[in-house]
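S.K.: Quick check, what structure comes out for this input:
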Amino acid sequence: MRYRDENKIQAIRERAIEMVAKDGLENFGINRLAKAAGVSPATIYIYYKDKEDLLTSISIEEGIKMTQATLKDFDPKMSFKEGLWVQWKNRAAFALDNHLSANFFEQLRNSTYKDKMMETITHEFRRAMGDYVHNAVTRGEIDEMPLEVYWSVAFAPLYSLIKFHNEGQSLGGRKFKFSEKIMKETFDCVVKGLMK
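M.R.: Numbering: from 1, shown residues only. Next up is the predicted model:
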């Protein structure tokens, strides 16, 4: 039985995330990954059955990491405004600190791996978010609405700010740097739009 080299596995994972995030899935291959990770293709096949197994495993691990980060200090019983602010801070911190992971997920979201990636969102996360929105509706803080409407109003503005930051510019090519101040200004507009 062969020894499991965690350093090699970590190098494979990191290079795979980086390659998919930067070059997309269509340019991703085991031979290129092996070269980038400094291992032989045979080494990759020791740990993963094939390319699909590799990408699925990484998406599960990264999905769990993202879920844990998103739920940090969050309680579904929080007031709507307080809970949404915790979500914004957690999501922003994760996206900014894990830029490659966020881009990796974006590539998967636009691929045949989407369903497998969505499976990584844990039951705990779905329950917590569902209870949180249900509680806010029950307390009369927000109106009931389709999930897509809620997500588009509640989180899309945050992810637009993060995208501007990652690109270093906003609309019209103006320089842009993410800050808590601009996040809070945007958040206040979102809360006004959602709360009764």
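
S.K.: Spatially central residue for this structure, please.
M.R.: A102 (4.8 Å; Cα atoms, centre = their mean).

S.K.: how much space between the nearest residue to it once chain neighbours are set aside and N27?
M.R.: Sequence neighbours aside, A95 is the residue nearest to A102 in space, at 4.7 Å (criterion: Cβ to Cβ, 6 or more residues apart in numbering). For the C-beta atoms, the positions are set from N, CA and C on the backbone; glycine is no exception. Separation of A95 from N27 (Cβ to Cβ, to the nearest Å): 23 Å.

S.K.: Settle this for me: the residue nearest to A102 is touching I162, isn't it.
M.R.: Yes - A95 sits in contact with I162 when judged by Cβ atoms under 8 Å, with a separation of 4.8 Å.

S.K.: what touches both of the two?
M.R.: By Cβ atoms under 8 Å, 6 or more residues apart in numbering, A95 and I162 have these common neighbours: A102.

S.K.: Among the two, which residue is more densely surrounded?
M.R.: Counted by other Cβ atoms under 10 Å, A95 and I162 do not tie: A95 has more neighbours, with 23 against 19.

S.K.: which other residues reach the lowest-mean-pLDDT helix or strand in the chain?
M.R.: Each helix and strand of the chain was given a mean pLDDT (mean pLDDT, DSSP states H and E); the minimum falls on helix 114-119 at a mean of 71. With contact meaning Cβ under 8 Å, 6+ apart, helix 114-119 is reached by T56, S59, I60, G63, F105, L108, R109.

S.K.: Could I get the full set of strands for this protein?
M.R.: In the chain, no segments count as strands under DSSP state E.

S.K.: quick one, what contacts R91?
M.R.: With Cβ under 8 Å, 6+ apart, R91 has these contacts: T70, F155, L158, Y159.

S.K.: With pLDDT, neighbour count and distance to T138 as extra columns, can I get those residues in TSV?
M.R.: Converted to TSV, the contacts of R91 look like this (pLDDT from 0 to 100; neighbours: other Cβ atoms under 10 Å; distance: Cβ to Cβ, whole Å):
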residue	pLDDT	neighbour count	distance to T138
T70	91	18	22
F155	97	15	21
L158	97	21	25
Y159	94	14	27
